[in-house]
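# Predicted model, plus sequence, below.
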Amino acid sequence: MNILVTGGAGFIGSNFIYYMLDKYKDYKIVCLDKLTYAGNLSTLKRAFENPNFQFVKGDISDRVFVFELFKEKNFDVVVNFAAESHVDRSIEDPEIFLKTNVIGTQVLMDAARKFDIKRFHQVSTDEVYGDLPLDRPDSLFTEETPLRPSSPYSASKAAADLLVLAYYRTYKLPVTISRCSNNYGPYHFPEKLIPLMIIRALNDQPLPVYGDGRNVRDWLYVEDHCSAIDLIIHHGREGEVYNIGGRNERTNLEVVKTILKELGKPEELITFVKDRPGHDLRYAIDPSKIKNELGWEPKTSFEEGIKKTIKWYLDNRDWWEEIISGEYKDYYERMYSNR
Ligand code: NAD
Ligand code: TYD
């Protein structure tokens, strides 16, 4: 099998590349990535040692370039991780989110049509459903929940999902979509909650919790997301959406306190800052469909996953120290200085 993984120099895409190279010794993987601030070649260091892996730098919304690549490579499957992925950045400047997340997806699907790709898998998010109330713990997102995105990021992902389903209906493009809850694990860019808090706690810096910290996210260890996508591209039904989540809800405050406890740092580091505009209250996935149809189940509990993740950040200081010394510094200043 010859697979194109877009956005593979980012967090989940890179974990997926390692997962697939380790599991399928005869699969070939090409990673296409623009190397934005969120993409790092150092993340793929071990993959470069594998002769079945190739990296190509490029933009998924660059039609001429994408068509040339498809023509040359003869892909069987495309897994589209490439995206602008951070809600706070989308609030600051939405435009690139539309270009990459919507137009980029369209360009990839046009190429997939022309070159007869056997499966186009779109990696989406539970954020397309909007949020759930805090006082209805029984309510969950199913695949039938209406799309009601709150942020420019989630609106761009929802738009892409609709386009993917339209390409299935109109052109019979063999698509699947997965909508996963919040991931955590190795190579997670430190603008997101868990790596941000680990790194700031390690440096004895204040931990900025938005609002009152009661917002709930449904956390999944990244490897479990990768195993779900693996199952979907091999056995998922064309034209279907699969929710992915581990029934692992935590308030942000619980997550931050767990990290502090694991690191032996004081809770006094927690600093409540101005809330995110339009902040989604709660995400919670009902994963029954993927469990019943494909037999998927998560393997890593939150307790185990957070320990593994913290250890990874302790063991891989070089990776994140390089990242937080660059553009990241300006970003942090812009985003947090007046909160
Ligand atoms: P990330 O920001 O860590 O990585 C995104 C990657 O895409 C980067 O390597 C970046 O360089 C690349 N990229 C950006 N624009 C590109 C373009 N125009 N052309 C080619 N490459 C480009 O994101 P992530 O957290 O790994 O998320 C990957 C996907 O999974 C996204 O589609 C996201 O919506 C989805 N998702 C993420 C989560 C989560 O918790 N992080 C949960 C569910 C779904
Ligand atoms: P984030 O990791 O940005 O993921 P998403 O918004 O896509 O779920 O944020 C997770 C939660 O943590 C969200 O409720 C916002 C909150 N948060 C903070 O409280 N402080 C922070 O500095 C960040 C980045 C997020």
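Nice, I can see it. Numbers count the residues shown, from 1 in each chain. Ligands and ions are numbered 1, 2, ... in the order given.
# residues in contact with the closest residue to ligand 1 within the chain?
When scored by CB to the nearest ligand atom, the chain has G10 as its residue closest to ligand 1, at 1.9 Å. Where you see a C-beta, it was placed from the backbone N, CA and C, and this is true even at glycine. Counting by CB atoms under 8 Å, 6 or more residues apart in numbering, G10 touches 33, 38-39, 43, 81-82, 85, 187, 189.
# repeat that with 7 Å
38-39, 81 (CB atoms under 7 Å, 6 or more residues apart in numbering).
# top of these by neighbour count?
Neighbour tally across the contacts of G10 (other CB atoms under 10 Å): the maximum, 26 neighbours, falls on F81.
# so how far is M20 from it?
To M20, F81 is 12 Å away according to CB to CB, to the nearest Å.
# how many other residues sit next to A201?
Neighbours around A201, by other CB under 10 Å: 23.
# So for the residue of the chain closest to ligand 1, what's the pLDDT?
In this model, G10 is scored at 98, pLDDT.
# all numbers from here: first residue = 52
Right, with 52 as the first residue, what we last looked at is G61.
# What segments of this structure are strands?
Counting by DSSP state E, the segments of the chain that form strands are 53-57, 79-84, 104-108, 128-131, 170-176, 226-231, 234-235, 258-261, 267-269, 271-272, 291-295, 300-302, 321-324.
# right, so of those strands, which gets closest to W347?
strand 291-295 (7.5 Å; CB to CB).
# partner strands of that closest one, parallel or antiparallel?
strand 226-231 (parallel) (DSSP bridges).
# can you give me the angle the strand it pairs with makes with strand 170-176?
Inter-element angle recorded for strand 226-231 and strand 170-176: 20 degrees (by axes from the mean of the first three to the mean of the last three CA atoms, to 10 degrees).
# what about strand 226-231 and ligand 2, touching?
No - counting by CB under 6 Å from any ligand atom, no contacts exist between strand 226-231 and ligand 2, the nearest distance being 11.1 Å.
# what does that strand rub up against?
170-177, 179, 212, 215, 218-219, 271, 276, 279-280, 283, 287, 289-296.
# average model confidence for that strand?
On average, strand 226-231 scores 99.
# What of stretch 180-193?
On average, stretch 180-193 scores 97.
# That one spans what distance, first to last residue?
9 Å (CA to CA, to the nearest Å).
# Adding mean neighbour count, write the strands of the chain out as CSV.
What follows is these, written out as CSV (neighbours: other CB atoms under 10 Å):
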stretch, mean neighbour count
strand 53-57, 24
strand 79-84, 24
strand 104-108, 16
strand 128-131, 25
strand 170-176, 24
strand 226-231, 25
strand 234-235, 23
strand 258-261, 20
strand 267-269, 21
strand 271-272, 26
strand 291-295, 24
strand 300-302, 18
strand 321-324, 15
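# Now the lowest-mean-pLDDT helix or strand in the chain: buried residues?
Using mean pLDDT, DSSP states H and E, the weakest-scoring helix or strand in the chain turns out to be helix 378-387, at a mean of 88. Neighbour-count burial for helix 378-387, counted by 16 or more other CB atoms under 10 Å, picks out 379, 382-383, 386.
# Identify, from those residues, the entry nearest to ligand 2.
Looking across the buried residues of helix 378-387 and measuring by CB to the nearest ligand atom, the closest to ligand 2 is M386, at 8.0 Å.
# which residues in the stretch 152-301 of the chain form helices?
Along the stretch 152-301 of the chain, counting by DSSP state H, counting those that start in this stretch, helices occupy 155-165, 203-222, 244-253, 273-286.
# Is the third one in proximity to ligand 1?
To tie it back to what came earlier, the one meant is helix 244-253. No - using CB under 6 Å from any ligand atom, helix 244-253 stays clear of ligand 1, with a minimum separation of 9.4 Å.
# What is that helix packed up against?
strand 258-261, helix 303-314, helix 353-366 (3 or more CB pairs under 7 Å, 6 or more residues apart in numbering; DSSP states H and E).
# How far off centre is the least confident helix or strand of the chain?
21 Å (CA atoms, centre = their mean, to the nearest Å).
# Please work out the angle formed by the directions of it and helix 244-253.
Using the same axes, to 10 degrees: helix 378-387 against helix 244-253 is 100 degrees.
# ok, residues contacting helix 378-387?
Taking CB under 7 Å, 6+ apart as the rule, helix 378-387 contacts 88, 139, 242, 259, 324.
# Could I get those residues in TSV, plus columns for distance to ligand 1?
As requested, the contacts of helix 378-387 are exported to TSV (distance: CB to the nearest ligand atom, whole Å):
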residue	distance to ligand 1
Y88	8
D139	12
E242	9
P259	19
V324	21
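# Return only those of those residues found close to ligand 2.
P259.
# closest to ligand 2 among the contacts of helix 378-387?
For the contacts of helix 378-387, the nearest to ligand 2 is P259 (4.6 Å; CB to the nearest ligand atom).
# hang on, the earlier thing: can you tell me which of the strands of the chain is nearest to L314?
Nearest of the strands of the chain (CB to CB): strand 258-261, 10.9 Å.
# now for the closest one, which elements pack on it?
Strand 258-261 sits against helix 244-253, helix 303-314, strand 321-324, with contacts defined as 3+ CB pairs under 7 Å, 6+ apart.
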